[in-house]
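Q: got a structure for you, letters missing:
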């Protein structure tokens with residue numbers, strides 16, 4: 001459904017360091033640096049970071065990245081912990097979503113709920 005998504009950050013350097021670390025296990029890297037704006041993806045940018053330009057209170061968002069397997073979810077989690085992320089939920093099955101839903105949830109430097117999820121059976 002989505003071609004790409006962009007989020008704003010209060011500290012672009014901190015957010016970039018976090019996403020550099022946690023997206024690498026998922027197969028995504030920086031594919032475009034455009035000043036303070038960074039695009040991540042595997043070939044073309046699909047996830048963008050940019051500096052906050054508006055006034056007002058930021059609101060938490062939830063971003064779920066697809067993982068190719070459960071070991072990839074685990075690697076995302078390890079990278080997030082190493083990057084200093086707050087762990088919301090360690091990797092585990094979430095049968096309340098569906099029997100094969102395996103995910104891990106952390107907070108990024110701006111307080112967003114970031115998840116890696118695999119929908120494949122064990």
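A: Yes, it's here. It should be emphasised that the depicted structure is a prediction, and the values quoted were computed from it without experimental measurement. Residues are numbered from 1 along each chain as shown.
Q: which other helices and strands contact whichever strand in the chain runs longest?
A: The residue-count maximum for a strand in the chain (DSSP state E) belongs to strand 86-93. Using 3 or more Cβ pairs under 8 Å, 6 or more residues apart in numbering; DSSP states H and E as the contact criterion, the elements in contact with strand 86-93 are helix 70-82, strand 102-107. All C-beta spots, glycine's among them, are computed from the backbone N, C-alpha and C.
Q: Out of these, indicate the one that is most buried.
A: Stretch with highest mean neighbour count among these: strand 102-107 (a mean of 22; mean count of other Cβ atoms under 10 Å).
Q: Sheet-wise, list the partners of it with their directions.
A: In the sheet containing strand 102-107, the strands it pairs with under DSSP bridges are strand 86-93 (antiparallel), strand 113-118 (antiparallel).
Q: neighbouring contacts of the longest one?
A: In other words, strand 86-93. Applying Cβ atoms under 8 Å, 6 or more residues apart in numbering, the external contacts of strand 86-93 come out as 70, 73-74, 77, 80-81, 99-107, 113.
Q: Next: stretch 73-84.
A: Outside of stretch 73-84, the residues that reach it under the criterion Cβ under 8 Å, 6+ apart are 17-18, 21-22, 24-26, 65, 67, 87, 90-91, 102-104, 106, 114, 116-118.
Q: rerun at 7 Å
A: Contacts of stretch 73-84 with the rest of the structure, by Cβ atoms under 7 Å, 6 or more residues apart in numbering, involve 17-18, 21-22, 24-26, 67, 87, 90-91, 102-104, 106, 116-118.
Q: and these, which are buried?
A: 18, 21-22, 25-26, 67, 91, 102-104, 106, 116-118 (16 or more other Cβ atoms under 10 Å).
Q: now, the most widely separated pair of the residues you listed?
A: 18 and 102 (21.8 Å; Cβ to Cβ).
Q: which regions of this structure lie under the pLDDT threshold?
A: Applying pLDDT under 70 to the predicted model, the residue ranges of the chain that meet it are 56.
Q: what about the residue nearest to residue 27 when sequence neighbours are not counted, how many neighbours?
A: Nearest-residue entry for residue 27: residue 42, 5.4 Å, with adjacent residues in sequence omitted and distances by Cβ to Cβ, 6 or more residues apart in numbering. Counted with other Cβ atoms under 10 Å, the burial measure for residue 42 works out to 12 neighbours.
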